[in-house]
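Engineer: Provided below for reference: sequence and predicted model.
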Amino acid sequence: MRCSNCGWENPDHNTRCEKCGSALSGGRVNNPQQPQTAPQPNFNKTVNEASVFPDMPANIPNVPTVGGQSCPKCGYPLRPNQTKCPNCGWGQPAAPTIPEPKPKPNTGTSNPFAGTVNPYTQVASANKCTLTPIKQDAEDEAPQPLVFKGEKNDLNRANLDADNMTITSKVQAQLTCENGKWYIQDTSAQQTTFVRAAEKTALKDGDIILMGNRQFIFKAQ
């Protein structure tokens with residue numbers, strides 16, 4: 001019995017086509033007691049391409065574009081919007097991949113002052129004063145002024161006169177700035193800071209301060 005779907009010649013007792021599985025009209029059943037089961041698809045057999053792509057004309061050569069009819073290289077039928085031929089691999093080139101920029105290595109250091117700044121926008125540093133040591137007889141040159149900044153400075157041997165053992169290495173006195181005025185207060189164990197600074201004392205330019213055996217001229221800036 002010939003299949004009306006694919007034309008395959010089947011034995012007369014078959015009820016379905018051996019090739020495509022379609023129902024055969026007029027087929028006989030040898031064993032009516034045996035229940036009929038749905039045929040299992042056989043993926044090893046060749047299928048009709050027209051049944052896979054029913055809305056597409058098959059094997060149209062020399063089609064200028066991919067995605068609608070046939071591959072221009074091998075003539076294989078293509079689905080709508082298909083950009084690559086599954087038979088020969090022909091297709092539109094893939095879009096170029098733009099590499100992502102590599103992050104700059106982190107050196108762990110940053111300098112916020114590396115760029116050029118506007119000098120006219122800089123504000124003069126507030127709370128600044130100098131203590132200028134008075135030249136002693138044993139000294140060849142006059143000492144340079146000592147600059148102190150901020151609201152509070154602890155004065156000691158290290159930042160006043162490193163080799164002077166009459167100034168304590170701890171805190172000889174505290175130099176503070178409050179509301180634009182400078183004050184000094186003795187904190188040494190031997191009480192060797194003068195102007196007599198048992199309490200906070202306002203300082204003015206030209207005041208001489210004795211710490212240990214070293215005198216300093218005060219000047220606010």
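Structural biologist: Here it is on my side, so go on.
Engineer: What residue spans form the domains of this structure?
Structural biologist: Split into domains by automatic domain parsing, the chain comes to 1-28, 52-88, 128-220.
Engineer: Pipe these into TSV and attach mean neighbour count and mean pLDDT per row.
Structural biologist: Any C-beta I mention is one placed from the backbone N, CA and C, and that applies to glycine too. Shown next, in TSV, are these (neighbours: other C-beta atoms under 10 Å; pLDDT from 0 to 100):
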stretch	mean neighbour count	mean pLDDT
domain 1-28	14	78
domain 52-88	14	64
domain 128-220	15	90
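Engineer: looking at those domains, which is closest to residue 102?
Structural biologist: domain 52-88 (31.7 Å; C-beta to C-beta).
Engineer: still on that earlier bit, for residue 98, find the nearest of the domains of the chain.
Structural biologist: Nearest of the domains of the chain (C-beta to C-beta): domain 52-88, 20.1 Å.
Engineer: just to revisit the earlier point, now tabulate the domains of the chain in a markdown table and tack on distance to residue 104.
Structural biologist: Below are the domains of the chain laid out as a markdown table (distance: least, C-beta to C-beta, whole Å):
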| stretch | distance to residue 104 |
| --- | --- |
| domain 1-28 | 65 |
| domain 52-88 | 38 |
| domain 128-220 | 35 |
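Engineer: the helices in the protein, which residues?
Structural biologist: 49-52, 157-160 (DSSP state H).
Engineer: Now for residue 181: which residues touch it?
Structural biologist: 202-203 (C-beta atoms under 8 Å, 6 or more residues apart in numbering).
Engineer: isn't residue 131 right next to residue 218, touching?
Structural biologist: Yes - using C-beta atoms under 8 Å, residue 131 is in contact with residue 218, at 6.2 Å.
Engineer: Touching both of those two, which residues are there?
Structural biologist: residue 209.
Engineer: what's the closest non-adjacent residue to residue 159?
Structural biologist: residue 146 (7.0 Å; C-beta to C-beta, 6 or more residues apart in numbering).
Engineer: could you measure that neighbour against residue 70, distance?
Structural biologist: To residue 70, residue 146 is 94 Å away according to C-beta to C-beta, to the nearest Å.
Engineer: And residue 142, by the same measure?
Structural biologist: Relative to residue 70, and taking C-beta to C-beta, residue 142 is found at 102 Å.
Engineer: likewise residue 22?
Structural biologist: When residue 22 is compared with residue 70 (using C-beta to C-beta), they lie 27 Å apart.
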